[in-house]
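Participant: quick check, what structure comes out for this input:
(2 chains)
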2 protein chains.
Amino acid sequence: MAQLVRNDTAIRPGSIPGVAQEPIMTTITLDTVRALDSDDPLSRFRVRFVLPEGLIYLDGNSLGAMPKALPERVSEMLHREWGAHLIGGWLKDGWMEKPLALGDRLAGLVGAGAGEIAIVDTTSINLFKLLSAALAMRPERRVILSNTENFPTDLYMAQGLIRQLGGGHELRLVSEDTIEDALDEQVAVVMLTETNFKTGAVFDMGAITRAAHAVGALTIWDLAHSAGAFPVDLNGAGADFAVGCSYKYLNAGPGGPAWLFVARRHQEAAHQPLTGWLGHDRPFDFALDYRPAEGIRRHVCSSPGILGLVAFEAALEVMLEADMTDLRRKSVALGDLFIDLVEQECGDAGFTLISPRKAGLTPPWGRGSQVSFAHPDGYGLVQALIARGVVGDFRDPDVMRFGFAPLYQRFEDVWTAVSHLRAVLERGEHLAEAYRERAAVT
Amino acid sequence: MAQLVRNDTAIRPGSIPGVAQEPIMTTITLDTVRALDSDDPLSRFRVRFVLPEGLIYLDGNSLGAMPKALPERVSEMLHREWGAHLIGGWLKDGWMEKPLALGDRLAGLVGAGAGEIAIVDTTSINLFKLLSAALAMRPERRVILSNTENFPTDLYMAQGLIRQLGGGHELRLVSEDTIEDALDEQVAVVMLTETNFKTGAVFDMGAITRAAHAVGALTIWDLAHSAGAFPVDLNGAGADFAVGCSYKYLNAGPGGPAWLFVARRHQEAAHQPLTGWLGHDRPFDFALDYRPAEGIRRHVCSSPGILGLVAFEAALEVMLEADMTDLRRKSVALGDLFIDLVEQECGDAGFTLISPRKAGLTPPWGRGSQVSFAHPDGYGLVQALIARGVVGDFRDPDVMRFGFAPLYQRFEDVWTAVSHLRAVLERGEHLAEAYRERAAVT
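Facilitator: Residues are numbered from 1 along each chain as shown, chains lettered A, B, ... in the order given. Okay, the predicted model is just below:
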């Protein structure tokens, strides 16, 4: 790899790079990058994950890597709980309480209190519950406000709900930079994904929540690309509702269980329509009429899937050992290093940075834990990198996404990834016939 | 155990006991019962399950026992799929298609065709989807017809939906023996659990479906206590919709994934409101507007939970090896033996059989694969039996439930269970102070 001329401050964990700072012309060598790994307070976490030899995995924003302890915990649940206790596991092994007990553990990571989170169902289904609850809490208002850049499933769930409610509501979609302008007293609820799935841009949750509250609207935050990626402070931001998944930066495995947050102040008023028996106040009375449980429990619907929950539990234990300030600091440094290396190493190759360049150590965060470049040959480039063992992903029409999961990412891997990118470009590997047809998986 | 005077035909697999037959006074000995095990064509399946030494497990109707191959399959998925392929697993390991591919495998067990079943979400949530779809298909009608004996979560989900739709619909509840009388042209959909969770009584699915269709109503069958317990023939019965779970007779583990069935003739008209991106016609286009996929796929909402799905897959493979006629024959014989032993051995102890005595080898089935007795001290009796290692369960107010999962149940265990019941009664163990307060888990 050629030597690079770059802003040296960007590659020191602890620094906040940005245009405001004075660039210092410096040469990055592999030794410099290795020194970053040596100084990394989170470096001990990498061995806790299964990462195939030789693979550079930059897609933890889509599916996190497997914690080594997870299979053992799952096996233990199967043999020592289900196998040994059978039906008795629901009480003896705490299965019945796991959605709330594990919710309390997750709460610490996202700035929620005990009794404000349940681990349950899927992100989309939880969004349906909370959108329903929010609309019912603002019966005189008709608008769900969101942004055209939102992850489509969130928009689809809102559309399904509006259709079911008879069509009297409206999904108002605006671009992400005009959310505050679009707020008015018709808005019942603002539904946003905090971190843009394509660009990694992070909304200012506190500012938008305050603006929404100022016009009497509620907020629902989808934290799919936020939780575990950088510090989240739901109560600090005054958030009303939130949903999230477990399989991206929380590493719980493909399609792992999702979660929802209801601020304590709303728990009495918030009623969701998927009123299953485990959300009943006294499920084992088997009464004919539903009566909602107090608190967060009414958002649990069905018997919880224990396999998924114990996997999440095992993954969360690893994450909870990490200091979130260290995590954010490293995430910023990884992203900054990648941006600087790509722009300076492949600067004339037609890349456009579509992620925010600025990433803060305190809110507003600016950029999350991914970096995206647009490139006309983006699909071919991502595929050619995958063929070389550097796994990022592609999103239409031209977006190359690279996620940096600070728990298991090394600085040296960023260096190597960019070396491969340059080699792909030099040899034209991205122009291969095989990459003319596109296929993608989130 | 004292010798019993009973109807000998009841204990030979292949016979159909019942009041219509001439009782033959015979003495049952342990040798007789052991001979039933020797002749059992399904006896080879017991070793395929993890069953703690000394435990007699009669609660497979609540949570099935663990297939021995299941942990290995789960471990393989973790290490060889997630661990090795990371994000690539969605395509390489068929994760993305698993809800439908596994649905096609389950289809054979419940009389459905390929493309009519998806393995997805939870039973209650699937019921919400299909109830919504059914009501929208009968817009001029306002009634959901069900029975007071239905499992409460089904009623609660209907209540939640009705509330969501603005209250213009009605949940009409009648007793299970008057369903057909309650059918009229106001009924949009008949929602029934085929097998009563307390008594094990099985509706005549074919007859009720025909009666519903005769007044223009649709049917939704909850097969939680049917699938894997005895032959189910959805298309033979002309069923419109169905839902079911995987963790009872299908042995997929606590809270395992649920499934839903939509008859092919309804697939174009059936629209459900939980319109997540994986039910979209082209999810990876990331279009702003939802457009339902063709066929059963539109009932999939979110990224599927792969851990639960592979566990279900492993369990289903065992079940699919069994001949369903053998399975039913054995189930009937186990239940008959239990009824006869309890009534004749403990005949003066105050038990009332609340399950149907008659269990057919062809529809109408009469009794499913469980036997329930009412007893004033039912709770204490169940607890005292559990203390002796005989696991049944209790349902308010006075119901003792005993499930017979034919894949792993032995006839000799039925003998031993009744011996324990008699010993509990003789020693008054069920009257212990500890059993005065009730707690129960389904």
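Participant: domain map for chain A?
Facilitator: Domain ranges of chain A: A:4-66+A:323-435, A:94-320, per automatic domain parsing.
Participant: which stretch in those domains has the least confidence?
Facilitator: Comparing mean pLDDT across the domains of chain A, the weakest is domain A:4-66+A:323-435, with a mean of 89.
Participant: tabulate the domains of chain A in CSV, adding columns for distance to chain B.
Facilitator: Just so you know, the C-beta spots here come from the backbone N, C-alpha and C atoms, and that holds for glycine as well. Shown next, in CSV, are the domains of chain A (distance: least, Cβ to the nearest Cβ, whole Å):
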stretch, distance to chain B
domain A:4-66+A:323-435, 4
domain A:94-320, 3
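Participant: quickly compare those domains and say which is most buried.
Facilitator: domain A:94-320 (a mean of 22; mean count of other Cβ atoms under 10 Å in any protein chain shown).
Participant: what about that one, how long is it end to end?
Facilitator: 21 Å (Cα to Cα, to the nearest Å).
Participant: what is the longest strand seen in chain A packed up against?
Facilitator: Longest strand in chain A, counting residues (DSSP state E): strand A:187-193. Taking 3 or more Cβ pairs under 8 Å, 6 or more residues apart in numbering or on different chains; DSSP states H and E as contact, the helices and strands that strand A:187-193 lies on are helix A:123-137, strand A:143-147, helix A:152-164, helix A:205-214, strand A:218-222.
Participant: and the ones you listed: which comes nearest A:Gln272?
Facilitator: Nearest to A:Gln272 among these is helix A:123-137 (3.6 Å), distances taken as Cβ to Cβ.
Participant: send the alpha carbons of the closest one over as PDB?
Facilitator: Output in PDB follows, covering the C-alpha atoms of helix A:123-137 (Å, rounded to 0.1, in the frame of the first residue of the first chain):
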ATOM      1  CA  THR A 123     -38.800  -4.800  15.300                       C
ATOM      2  CA  SER A 124     -41.500  -4.300  12.700                       C
ATOM      3  CA  ILE A 125     -44.200  -5.900  14.900                       C
ATOM      4  CA  ASN A 126     -43.100  -3.800  17.900                       C
ATOM      5  CA  LEU A 127     -43.300  -0.700  15.700                       C
ATOM      6  CA  PHE A 128     -46.900  -1.700  14.800                       C
ATOM      7  CA  LYS A 129     -47.700  -2.000  18.500                       C
ATOM      8  CA  LEU A 130     -46.200   1.300  19.500                       C
ATOM      9  CA  LEU A 131     -47.600   3.200  16.500                       C
ATOM     10  CA  SER A 132     -51.000   1.900  17.300                       C
ATOM     11  CA  ALA A 133     -50.600   3.000  20.900                       C
ATOM     12  CA  ALA A 134     -49.300   6.400  20.000                       C
ATOM     13  CA  LEU A 135     -52.100   7.100  17.500                       C
ATOM     14  CA  ALA A 136     -54.700   6.200  20.100                       C
ATOM     15  CA  MET A 137     -53.000   8.600  22.600                       C
END
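Participant: any idea how far that helix is from the chain center?
Facilitator: From the chain centre to the centre of helix A:123-137 is a distance of 19 Å (Cα atoms, centre = their mean, to the nearest Å).
Participant: same thing with stretch A:344-364?
Facilitator: 19 Å.
Participant: ends of it, how far apart?
Facilitator: Stretch A:344-364 has its terminal residues 27 Å apart, counting by Cα to Cα.
Participant: roughly how far is the top helix by length along chain A from the heart of the chain?
Facilitator: Secondary structure assigned by DSSP state H gives helix A:324-345 as the longest helix of chain A. From the chain centre to the centre of helix A:324-345 is a distance of 17 Å (Cα atoms, centre = their mean).
Participant: give me the helices and strands touching that helix, please.
Facilitator: Packing partners of helix A:324-345 (3+ Cβ pairs under 8 Å, 6+ apart): strand A:4-7, helix A:30-38, strand A:370-374, helix A:411-427.
Participant: helices and strands around the second one, which ones?
Facilitator: I take that to be helix A:30-38. Using 3+ Cβ pairs under 8 Å, 6+ apart as the contact test, the elements touching helix A:30-38 are helix A:324-345, helix A:411-427.
Participant: now that helix and helix A:411-427, what's the angle there?
Facilitator: Counting by axes from the mean of the first three to the mean of the last three Cα atoms, to 10 degrees, helix A:30-38 lies at 140 degrees to helix A:411-427.
Participant: just want the angle from helix A:30-38 to helix A:324-345.
Facilitator: Comparing the axes of helix A:30-38 and helix A:324-345 via the same axes, to 10 degrees yields an angle of 160 degrees.
Participant: contacts for the helix or strand just after helix A:30-38 next, please.
Facilitator: Under the assignment DSSP states H and E, the closest C-terminal helix or strand after helix A:30-38 is strand A:49-50. Strand A:49-50 is contacted by residues A:65-68, A:251, A:407-408, B:79, B:83 when judged by Cβ atoms under 8 Å, 6 or more residues apart in numbering or on different chains.
Participant: in the sheet, which strands lie alongside strand A:49-50, parallel or antiparallel?
Facilitator: Paired strands of strand A:49-50, with direction, are strand A:66-67 (antiparallel) (DSSP bridges).
Participant: close to chain B, is the next helix-or-strand element following the partner strand?
Facilitator: For strand A:66-67, the following helix or strand on the C-terminal side (DSSP H and E) is helix A:69-76. Yes - Helix A:69-76 reaches chain B (Cβ under 8 Å from any Cβ of the partner chain) through A:70-71, A:74-75.
Participant: I'd like the domains of chain A as CSV, with distance to B:Gly428 appended.
Facilitator: Listed next are these as CSV, based on distance: least, Cβ to Cβ, whole Å:
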stretch, distance to B:Gly428
domain A:4-66+A:323-435, 53
domain A:94-320, 26
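Participant: for B:Leu165, find the nearest of the ones you listed.
Facilitator: Closest of the domains of chain A to B:Leu165 is domain A:94-320, at 7.3 Å (criterion: Cβ to Cβ).
Participant: give me the phi and psi for A:Pro292.
Facilitator: Reported as degrees, to the nearest 10, the phi and psi values for A:Pro292 are phi -60, psi 140.
Participant: list the contacts of it.
Facilitator: A:Pro292 makes contact with A:271, A:275, A:279-281, A:298 under the criterion Cβ under 8 Å, 6+ apart.
Participant: what do you get if the cut-off is 6 Å, keeping everything else the same?
Facilitator: By Cβ atoms under 6 Å, 6 or more residues apart in numbering or on different chains, A:Pro292 lies in contact with A:Arg298.
Participant: partners of it in the sheet?
Facilitator: A:His280.
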